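> Predicted coordinates and the sequence they were generated for:
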Amino acid sequence: MQSSIALTLDALAAWRAELERGTAALARFLADNDLADESVAATLATLRQRLQSDKLVLAFVAEFSRGKSELINAIFFAEAGRRMLPATPGRTTMCPVELFHDGAQRPSLQLLPIETRLRGQALSELRATPEAWQRIELDPSDSDDVARALAAVMRTRRVSIEEATRLGLWSEEHPEDNPQVEADGQVDVPAWRHALINFPHPLLERGLVVLDTPGLNAIGAEPELTLSLLPSAHATVFVLAADTGVTRSDLAIWREHLAGEALERFVVLNKIDSLVDPLATAAEVEAQIERQRDLTAATLGIARARVFPLSARDALAARVNRDPAGLARSRLLDLEAALSAELLPRQHDLLLQATVAAVAQLRAAAERRLGDRRRQQAEQTLELRGLRGKSSGKVRLMLQRVDAEAAEFEACTTRLSALRAVQGRQLRAVLARLSSDALRSEVATMQSSIGGGPFSLGARRAFGDLFERLRLRFRQASTQADEMRQMLDASFLQLNAEFGFAFTLSVPPQLEPFTAELDLIDQNYSRYLGLSQAWRMMVPGFFEQFRRMLLSKLRVVFESAAGELDLWSKSASNQIDTQLRERRRSFKRRREALERIQAASGELEERIGEVESQEQRLGELQRRLERQSEELLALARRRAGTPQAAAFDLPMRRDAA
């Protein structure tokens, strides 16, 4: 009784694997025939890496006791025949949990102690510090042992109120969010800050990452969850209880963390089985469920079709017991169908766009090299045919002409050196605006403007000014990149006319998507400088952690933009190197051919035949390039049909050679 999302994810993984094999075949073809320069190789490597490791992140968000972990069990882990994630009454998931698969590591549960909050280090930094985590090995063949190990995410520890305050888990300003004070005057807080579960589940092996989040307290106290993990998710499933609907704390989570348009959101009204009333008819119960559905949609401001009433407990039991009728009654299939129909095809479209762009770039570069070779072959063929019936003196004159042309051609190297110097200077100016040093300086300026504390009246203004300066840097970098393009265009046009080059220049990468990423970071982070989150920032070390996370997120955007500009510049430089090498090789071949003809007159026709044979081979390479490129694009587009077709019409295996 495999879920539709499982089937669709299987199909997506199969398509990605097929596409990666086709990309690898094209890479081999280009390398074997000397048609791939450094920039083409980098583009292909990036695309292959993305196809191999692309992840689909699905986040489940809820207050405690909404049945969120049970829903994850029902959708993904029912085949184990039991609950894998703890899903008992009361609060279970005490820290954010990521479920994924990394084949390079042994299956394990890694737990980050709550005390690491006091270091002021961001979670992204601690991920690269294995010694900071407690590790528990998992035996995937023993589901009972795995379930017992995963129960560790429920663990708490008892601390004083003073320590809870230092950890950011107690606030006098927001007593409603505080844990209950026990008889000994202490409070129970989560034992862990974060949990990573590396498990070889079939869906996780195919690139799915499941993010299980705790309730409101932990979401508010752990900024990386709301500033990094949730915004990077491809979709969120927000779980409510059908009997209570949208509570005050549910609405707070929605408004604070999920109301942004950037997230793909699905809302679940779980525990509809709790609405079954022996004194009410089935029709009356159904009417009550639909009223809750309408009220939930209206309260959250979303379409009614995005609200899914269901029973995760009944769905898990039905899947474990292989009961199709019970599964249908649980209404889980409606949610799974929506996830399959809307979420996964979008992931396919993103990979399709990346593939089309990469193939277009490498095909243009390879065709440019082939065109230059074929033009030189045509010139040599005409030259050799003109020697038919000519004397040895004519051959000597042709040798002199080849030497003269080669000498004249070498005069272009001075121009090319000057061009590269100007290009390098302009590139350095562009990259300086997007450098890590410049970014750190801008963030330091913001921190200096804030002054003694993060809650001075100018804090929000300083944060806004930072992002205005960062956007200005991107606008200036875009202007400078366009000036470099104009310079290269003019220079290439002159060199093509004077020296017979075939230089072309692609449009510089657009920086608008990176500016959009800045806007999203601005939106997500700025709320921590508002009044509603002010008390969080007063926790010792919290502001330093906030600054580190902000700098880390911004660095990714800046480095990605700089990397694309650098790669674009290198593609122009690689053209120069490649065509210089090809032209020198052509002069050498022409001279060697004339020398052989001069030494033995009978070799003229043989040489003409060789050149014509080479032209035929180049023509065949051109046709093979077009064929393999079109086959790869056809494979990429094959799955652009309906979601149902994408889920069940798996691509046929084809020869990658």
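Received it, and whenever you're ready, just let me know what you need.
> just the helices in the stretch 501-650 of the chain please.
With DSSP state H, counting those that start in this stretch applied, the stretch 501-650 of the chain shows helices at 512-526, 534-537, 542-599, 603-637, 643-648, listed in chain order.
> Using CSV, lay out these together with mean neighbour count and mean pLDDT.
For every residue, glycine as well, the C-beta is placed using N, CA and C. Formatted as CSV, those follow (neighbours: other Cβ atoms under 10 Å; pLDDT from 0 to 100):
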stretch, mean neighbour count, mean pLDDT
helix 512-526, 16, 86
helix 534-537, 18, 56
helix 542-599, 18, 83
helix 603-637, 15, 83
helix 643-648, 17, 36
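> Which of those helices sits closest to residue 81?
Nearest of those to residue 81, taken as Cβ to Cβ: helix 643-648 at 24.7 Å.
> secondary structure element for residue 48?
Of the helices and strands defined by DSSP states H and E, residue 48 is found in helix 38-53.
> quick check: mean pLDDT across that helix?
Within the predicted structure, the mean pLDDT of helix 38-53 is 78.
> follow-up on the earlier one: could you say which one of the helices of the stretch 501-650 of the chain comes nearest to residue 459?
Nearest to residue 459, of all those, is helix 534-537, at 8.7 Å by Cβ to Cβ.
> Okay, angle between the helix holding residue 48 and helix 603-637 too, please.
Taking axes from the mean of the first three to the mean of the last three Cα atoms, to 10 degrees, helix 38-53 and helix 603-637 form an angle of 30 degrees between their directions.
> I'd like the distance from helix 38-53 to the chain centre, please.
Averaged C-alpha coordinates place helix 38-53 at 13 Å from its chain's average position (Cα atoms, centre = their mean, to the nearest Å).
> Adding distance to residue 306, write the helices of the stretch 501-650 of the chain out as JSON lines.
As requested, these are arranged in JSON lines below (distance: least, Cβ to Cβ, whole Å):
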{"stretch": "helix 512-526", "distance to residue 306": "21"}
{"stretch": "helix 534-537", "distance to residue 306": "30"}
{"stretch": "helix 542-599", "distance to residue 306": "28"}
{"stretch": "helix 603-637", "distance to residue 306": "29"}
{"stretch": "helix 643-648", "distance to residue 306": "16"}
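> These: which one's closest to residue 40?
Across the helices of the stretch 501-650 of the chain, closest to residue 40 is helix 542-599 (Cβ to Cβ), at 7.9 Å.
> could you give the angle of that closest one to helix 512-526?
170 degrees.
> before we move on, back to that, for the next helix or strand along the chain from the helix holding residue 48, which strands pair with it and how are they oriented?
Counting by DSSP H and E, the element after helix 38-53 in chain order, helix or strand, is strand 56-61. The strands that strand 56-61 pairs with in its sheet are strand 208-212 (parallel), strand 235-241 (parallel) (by DSSP bridges).
> what's the spacing between strand 56-61 and its chain's center?
14 Å.
> Report the backbone C-alpha coordinates of it in PDB.
What follows is strand 56-61, C-alpha atoms only, in PDB (Å, rounded to 0.1, in the frame of the first residue of the first chain):
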ATOM      1  CA  LEU A  56      13.500  17.600  -1.600                       C
ATOM      2  CA  VAL A  57      12.800  19.100   1.900                       C
ATOM      3  CA  LEU A  58       9.400  18.600   3.400                       C
ATOM      4  CA  ALA A  59       8.900  20.200   6.800                       C
ATOM      5  CA  PHE A  60       6.100  19.200   9.300                       C
ATOM      6  CA  VAL A  61       5.200  22.000  11.700                       C
END
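> neighbouring contacts of it?
Residues lying outside strand 56-61 but in contact with it, judged by Cβ atoms under 8 Å, 6 or more residues apart in numbering, are 9, 12, 68, 71-72, 207-213, 219, 229-230, 232-239, 253, 257-258, 339, 343-344, 347.
> Now, of the residues you listed, which are buried?
Buried by 16 or more other Cβ atoms under 10 Å: 9, 12, 68, 71-72, 207-213, 219, 229-230, 233-239, 253, 257-258, 339, 343-344, 347, out of the contacts of strand 56-61.
> that older thread, so for residue 368, which of the helices of the stretch 501-650 of the chain sits nearest?
When these are compared (using Cβ to Cβ), the closest one is helix 542-599, at 7.2 Å.
> I'd like the distance from the closest one to the chain centre, please.
23 Å.
> Residue 497: neighbour count?
Residues lying near residue 497 (other Cβ atoms under 10 Å) number 9.
> same thing with the one 5 residues further on?
Neighbouring residues of residue 502 were enumerated by other Cβ under 10 Å; the total is 17.
> Equivalent analysis for residue 471, please.
Residue 471 has 16 nearby residues by other Cβ under 10 Å.
> and the helix or strand where it lies, what other elements does it pack with?
With the criterion set as DSSP H and E, the secondary-structure element containing residue 471 is helix 459-499. If you count contacts as 3 or more Cβ pairs under 8 Å, 6 or more residues apart in numbering; DSSP states H and E, helix 459-499 packs onto helix 412-433, helix 436-450, helix 512-526, helix 542-599.
> and if we set it to 10 Å?
Secondary structure elements in contact with helix 459-499, counted by 3 or more Cβ pairs under 10 Å, 6 or more residues apart in numbering; DSSP states H and E, are helix 392-410, helix 412-433, helix 436-450, helix 512-526, helix 542-599.
> So which of those is nearest residue 281?
Between residue 281 and those, the tightest spacing by Cβ to Cβ is seen for helix 512-526, at 47.0 Å.
> contacts for that closest one?
Residues outside helix 512-526 that contact it (Cβ atoms under 10 Å, 6 or more residues apart in numbering) are 223, 226-228, 230-232, 257, 260-262, 434, 460, 463-464, 466-468, 470-471, 473-475, 477-478, 533, 546, 549-550, 553-554, 556-558, 560-562, 564.
> Likewise for stretch 574-585?
Contacts of stretch 574-585 from elsewhere in the structure, counted by Cβ under 10 Å, 6+ apart, are 34-42, 365, 368-369, 372-373, 376, 405-406, 409-410, 412-413, 416-417, 419-420, 423, 488, 492, 495-496, 499-505, 570.
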